[in-house]
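Asker: Show me the folded form of this:
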Amino acid sequence: MRSDIPNTVYKLHTRSPEALWGVSAQSIYLSLCDIVDDQPMPHYLELHHKTTILRTNDERDPDEVALAHRFLHTEFGLITDSGSLTDRGRLILGADEPVAAVRLAAAERLERIQHFLREFDALDADRLPREEFETLTQNSYDAEFIAPLLCSLGFIDLYPEGIVLNQNMIHDTLDRIKQDANYKLTAVGLVDALTDIETPTLIAQVTSHLVQADISVDQIEQTDLLDALTTRGRGRRRTPIEDIEDAISDTKADAQAEATTLQTALGLSGNVASRFAISVDAEDVAIALSTYDPKTSDIEFVLDLLTTVHAHPEANEVALEPLTDTLELNQYDLYQVLSTIPGVNCNIQKNILIEFESIPEATGTDRYEERRQELFNEIHTRRSWCDSLDTSPQETTQVRETVIESLLSQIDEDVVKPIYFVYTLPDTLGKERMDRYVGDQPQLRRERAHLNRWKDRRRDDSRRFTEMTDRLFTRGQKHDLEERIVRIMTPYDDDTFSEYTSQLRSLLRDGYELRLLTRHTKQKWEWERLRDNLLGDLDENREKVTIRTYSRYKQYQRITSNTDESDLAEFGVHAKIQIIGHASEGAALLGSANFMENSYKWNPECGIYTENMNFVAAGIEFFDHVWKLSEVDEVDLSNLQEIPRRSFYPSYYT
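Answerer: Numbers count the residues shown, from 1 in each chain. Purely as a prediction, here's the structure:
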């Protein structure tokens, strides 16, 4: 199956969460908007592309994203071979809920998506370990296309350690698919999507002409556009616009003919009802209505109707719809009820009138003016229908602006995380310390003046390393983070650790683990300083502290007593980064500063602090990779209490 999928799709694969970058139900809809408005593909898709960059701190080639969308249009059955919208694509564009419509189209068309959704729906949980999820995948097509696509469409969140299921969305989508609508409902959806006709009666009539079969108003009112998307076996069919235009034209002709018929009835057709010399009362009407559990008002309404026609036998053609609406009966049931009443002989004319050929005397109220007004209203309705039918079907984007607004609201509410430029300059050391530093040197006084002016003018998005280290550790104290790990990578350290041990002690007490990755090797005093400034103040929970060193030599595979230390050309950890928590909730601080006084208070240093998920995820991935490389050189903290009087080399070389 992989050979059927363009390489551009695989280039969009992201890792945590696993998804297709720049692909979502919203982006599929917006790319369809490009087609219908005859715009180059990235036009409406561009906003989605930009918001994805903001959300993921990543970017991809817009042309490759557009190519992937064209492929998905084909996979979901949204375009024809010539690139025009299919009926399914038209329905998505016309839907009030296009995002749900895209998901439904994808699930209906791709059997493997359905397979996964059914497996997920059967679970009594909203989370699944990654290894269990992988047992559901059959091949690379599942693992490398279907799985990230499920994530992009919002059915799941797919992480290396497991998945989170959107069970409500999964269940609703499967419920829709089970309906397996027929083409009549697809035609209903098309008329709704491609025209501005809103009256259910008119939609039913236009659709009836389109499919050459009766469509009732009840079917219209009980069907929404999403139901129409589940029609199977339609391939990539595109109903010609001309067929819909003809159906509208035929419906308009019907409405004009009905208006003429009603006008004739209003002007009196010349037919007169015969008066029967019998009388009916409430009991007779109640018997006729007995099957329908009649109310008193129903009985009175029928008595009034009979009384009116008996009093005005020339007005024997009565508008049908007001009667069926009041009695809540369909035409056939109304006819059956009236025909059961003694002395009533009637028939239905063109589904708009009921004509009485004979009528008994009844004990009701003459409502002649009301019946005449109803006829007039029905004529007016047909004329308004004719105005509504002066329309041409066209493919339009119904809620494009709403979808775009939703993308912007996601940015406002959720995805933008604070990001700060972080720095160190000797501008916060205090007057006494700066006075000692400057002394009577005029050049240093000028330097201090420059530093003070910069401090007063610096931007609000600049923060000091000391401030952001404090913020990072405090985040673990103030928030209930799910992953309780503090990762620190620094080549060198000094007493600065002692300034943060109270926070680290609090974090360890709350269940956090501290992983320190450093470069210390042969210098005994470096290890003594680390022991005294970090471990010396961590009197409890030391078992939650792990220290590893990553330092290697370019020339020696083994260090012996005869090795000349001056010949050792060293390389190792040089990165400086601090991370707390999981990518989705944590923070990262990185830059040029070691965990040392010079880096935090004196040297010009710079870096960045961010809570952006993808940025933090990348930092964690890098740290954990080097952490694994340094596993062999994990420091035994108990031995660190008795530092030997000799050089301390990595385990790789001893």
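Asker: rest of the way, CA atoms for contacts and neighbours
Answerer: Will do.
Asker: Surely Ile359 is within a helix?
Answerer: No: secondary structure assignment (DSSP: H, G, I helix; E, B strand; the rest coil) places Ile359 in strand, not in a helix.
Asker: okay, now it: neighbour count?
Answerer: The number of residues packed near Ile359 is 27, by other C-alpha atoms under 10 Å.
Asker: Do a quick rundown of the strands in the stretch 101-250 of the chain.
Answerer: Secondary structure of the stretch 101-250 of the chain, counting by DSSP state E, counting those that start in this stretch: strands at 127-129, 156-159, 162-165.
Asker: Quick one, which of these gets closest to Arg60.
Answerer: strand 156-159 (20.1 Å; C-alpha to C-alpha).
Asker: Are there helices or strands packed against that closest one, and which ones?
Answerer: For strand 156-159, the elements it packs on are helix 147-152, strand 162-165, judged by 3 or more C-alpha pairs under 8 Å, 6 or more residues apart in numbering; DSSP states H and E.
Asker: want to try CSV for the strands of the stretch 101-250 of the chain, with mean pLDDT as columns?
Answerer: Formatted as CSV, these follow (pLDDT from 0 to 100):
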stretch, mean pLDDT
strand 127-129, 91
strand 156-159, 92
strand 162-165, 92
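Asker: looking at those, which is buried most?
Answerer: strand 156-159 (a mean of 22; mean count of other C-alpha atoms under 10 Å).
Asker: So which residues make contact with that strand?
Answerer: 15-19, 130, 147-148, 150-151, 163-166 (C-alpha atoms under 8 Å, 6 or more residues apart in numbering).
Asker: What of stretch 597-614?
Answerer: Under C-alpha under 8 Å, 6+ apart, the answer for stretch 597-614 is 16, 56-58, 415-426, 428-429, 465-466, 468, 494-496, 583-594, 616.
Asker: Of those, select the buried ones using a ChimeraX command.
Answerer: Selection of buried members from the contacts of stretch 597-614 for ChimeraX, criterion 16 or more other C-alpha atoms under 10 Å:
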select :16,56,415,416,417,419,420,421,422,423,424,425,426,465,466,468,494,496,583,584,585,586,587,588,589,590,591,592,593,594,616
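Asker: in the chain, which ranges drop under the pLDDT threshold?
Answerer: Along the chain, segments meeting pLDDT under 70 span 1-3, 41, 180-181, 231-235, 410-416, 459-460, 521-522, 537, 539, 639-647.
Asker: Could you break it into its assigned domains?
Answerer: Taking automatic domain parsing as the criterion, the chain consists of the domains 2-179, 264-388, 417-653.
Asker: And those: which comes nearest Leu229?
Answerer: Across the domains of the chain, closest to Leu229 is domain 2-179 (C-alpha to C-alpha), at 6.2 Å.
Asker: Help me confirm that Leu93 comes into contact with Asp34.
Answerer: No: if you go by C-alpha atoms under 8 Å, Leu93 and Asp34 don't touch, sitting 10.9 Å apart.
Asker: Looking at those two, which has the bigger crowd around it?
Answerer: Applying other C-alpha under 10 Å to Leu93 and Asp34 shows that Leu93 carries more neighbours, namely 28 against 17.
Asker: Within the helices and strands, which one has that one?
Answerer: helix 87-94 (DSSP states H and E).
Asker: tell me what that helix is packed against?
Answerer: Right, helix 87-94 is packed against helix 25-36, helix 98-109, helix 183-194, helix 225-228 by 3+ C-alpha pairs under 8 Å, 6+ apart.
Asker: Any chance of a markdown table for the ones you listed, columns distance to Ala575?
Answerer: A markdown table is the format used below for the helices and strands packed on helix 87-94 (distance: least, C-alpha to C-alpha, whole Å):
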| stretch | distance to Ala575 |
| --- | --- |
| helix 25-36 | 38 |
| helix 98-109 | 43 |
| helix 183-194 | 57 |
| helix 225-228 | 53 |
